[in-house]
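Peer 1: Show me the folded form of this:
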Amino acid sequence: SRLDTGNQTLVSGAARHTLTYREAKLLHLFGTHPNQLLERDFILQSVWGDEGILVGRSVDVFVSRLRKLLRDDPSVKIAAVHGMGYRLVC
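Peer 2: Alright, predicted model coming up:
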């Protein structure tokens, strides 16, 4: 998979996807911390910052979207770490 953060595009397998601003920011965050546990609070602060009311489920929803976009690339996976956060496994 290849992420173009500036153009907010992801090429995964043969598919090319246009990402939202938040999807691109979250995937970039995972990409800059491969195989590291990213705790929910760290993700929320890094991607959403101080933008008012945030719901912890926002992270889950965006991770779910990214997993669907990455499903064509078996070498990349976003794994949940129960009760902690997520890890990009590559």
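Peer 1: Just confirm residue 63 is within a helix.
Peer 2: Yes. Counting by DSSP: H, G, I helix; E, B strand; the rest coil, residue 63 is found in a helix.
Peer 1: thought residue 12 was touching residue 4?
Peer 2: No. In this structure, residue 12 is not within contact of residue 4 by CB atoms under 8 Å, at 12.0 Å. Every residue, glycine included, has its C-beta placed from N, CA and C.
Peer 1: So between those two, which is more surrounded?
Peer 2: Using other CB atoms under 10 Å as the criterion, residue 12 and residue 4 rank with residue 12 on top: 18 against 12.
Peer 1: mind checking how far that one is from residue 58?
Peer 2: Distance, residue 12 to residue 58, using CB to CB, to the nearest Å: 22 Å.
Peer 1: same deal with residue 72?
Peer 2: Counting by CB to CB, the gap from residue 72 to residue 58 is 25 Å.
Peer 1: low pLDDT regions in this protein?
Peer 2: Within the chain, the stretches with pLDDT under 70 are 50-56.
Peer 1: Now that residue 20 has come up, it's in contact with residue 8, right?
Peer 2: Yes. Residue 20 lies in contact with residue 8 (CB under 8 Å); the separation is 7.2 Å.
Peer 1: More neighbours: those two, which one.
Peer 2: For residue 20 versus residue 8, the count of surrounding residues by other CB under 10 Å is larger for residue 8: 18 against 11.
Peer 1: mind checking how far the more buried one is from residue 85?
Peer 2: For residue 8 relative to residue 85 (CB to CB), the value is 23 Å.
Peer 1: Can you mark which positions in stretch 42-50 are buried?
Peer 2: Under the neighbour-count criterion of 16 or more other CB atoms under 10 Å, stretch 42-50 has 43-44, 47-48 buried.
Peer 1: just the residues you listed now: which is nearest residue 90?
Peer 2: Nearest to residue 90 among these is residue 43, at 17.3 Å by CB to CB.
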